[in-house]
Structures are given as C-alpha cells and as structure tokens.
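# Okay, predicted coordinates and the sequence, questions at the end:
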Amino acid sequence: MTFSKTQLALVLLCGALASPVLWADADHSAADHSMHSQPEQMRWGIAGDSSQVSRTIDVRMGDDMRFKPGALTFKKGETIRLVLHNDGKLMHEYVLGTKETLDEHAQMMLKHPGMEHHAAYMAHVAPGQSGEIIWTFNQAGRFDFACLIAGHYQAGMVGSIEVSP
C-alpha cells in the first residue's frame, strides 16, 4: 500500500495527536535531522554520536520472529552502536521504545501496514542486509525493542533492555 504525501501527513498527524511521545520525531527523514540542532530526548534515551560509541552489539533478526539476543543490558550513559542483521527473507525492523509506545505503534502499523516512518530510534532492514542505530541510553529503567511490521510484533518479535543507573 502506498500513501500520498497528504494521506501520510494525515496518518502521522492522527498518530501524533494520539501519542505525542511516539510520533514526536517519527515523520522526519534522515535529511530532516540535519536541520535540527539537538536530537530529541525520548523516555528510552537519545540519538547518539558515533564518536561517543563505547561498544557495538550485533543483533540478528530472522523469519522465526525473534531477535538474538532478545535481552540487552547497558549502563546509564552508554552510547551503543546496534548493528542489525536481517538473516531472513522478509523485511524486518528494530524499534526502540517502551511497551506502551510500541503497543500503540504496532496498532497503527496493523491499520496502515505500508506506512513508512523514520526516526533515530528505528531501523528498517531488508532481507540479507544490515542496518544500525547509534543510541545513548541516558535514562535508567526497563525498555523494549520490537519489529512493528504488521504481524511480526503480534508473533512475538520483541526484546527487552535494562539500563542500570
């Protein structure tokens, strides 16, 4: 399904009104980010600077609807490079968030499965390809990640992140 720019804007506006934290930055392309002077603080952290990466974590995604590893632990303040490998034949994505924001976003994706969205805390990875997210976990707590492609989240393609103080 393909949306016109007007339809996409309407869908994103409705999502923004329903969940301002989730959609605060979800409709900007990578080029749009260069216009912003500061990355946006989310409850689960903030976009990281590649020069500050303290370690790299490889994450595998597959058509078994699982992430490997499915649980990650970090210390507050760590900037991590997540290298995301799609080992399957289906498109997969990796989206950071809280259970609540991921639940809301997953519902939106079921209603609009072809919807395109971009943010620093998500990566879409084609079959056989790799992607990355550089993220600073500057908030302690329990957070989540998931593939929100319609049906994948519902099939259990989720994981957890624990950030210690």
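Looks like it came in fine. Numbers count the residues shown, from 1 in each chain.
# Would you mind measuring from A155 to F137?
Here A155 is placed at a distance of 27 Å from F137 (CB to CB, to the nearest Å). The C-beta positions use only the backbone N, C-alpha and C, and glycine is treated the same way.
# Apologies, that question was intended for Y121.
Taking CB to CB, one finds Y121 at 11 Å from F137.
# ok, now P113?
30 Å.
# So for these two, which sits in the more crowded spot?
More crowded of P113 and F137, by other CB atoms under 10 Å: F137, with 25 against 11.
# Just confirm that one contacts W44, I think it does.
Yes - using CB atoms under 8 Å, F137 is in contact with W44, at 7.4 Å.
# Now do the shared contacts for those two.
Taking CB atoms under 8 Å, 6 or more residues apart in numbering as the contact criterion, the common neighbours of F137 and W44 are I161.
# Name whatever forms a beta bridge with the spatially most central residue of the chain.
Closest to where the C-alpha atoms of the chain average out (CA atoms, centre = their mean) is V95, at 1.9 Å. Judged by DSSP bridges, the bridge partners of V95 are M122, A146.
# surely it meets V125?
No - in this structure, V95 is not within contact of V125 by CB under 8 Å, at 11.4 Å.
# what are the ranges of the strands in this structure?
With strands called from DSSP state E, the chain shows them at 46-47, 55-61, 67-68, 71-75, 78-86, 92-97, 122-125, 130-137, 141-146, 158-164.
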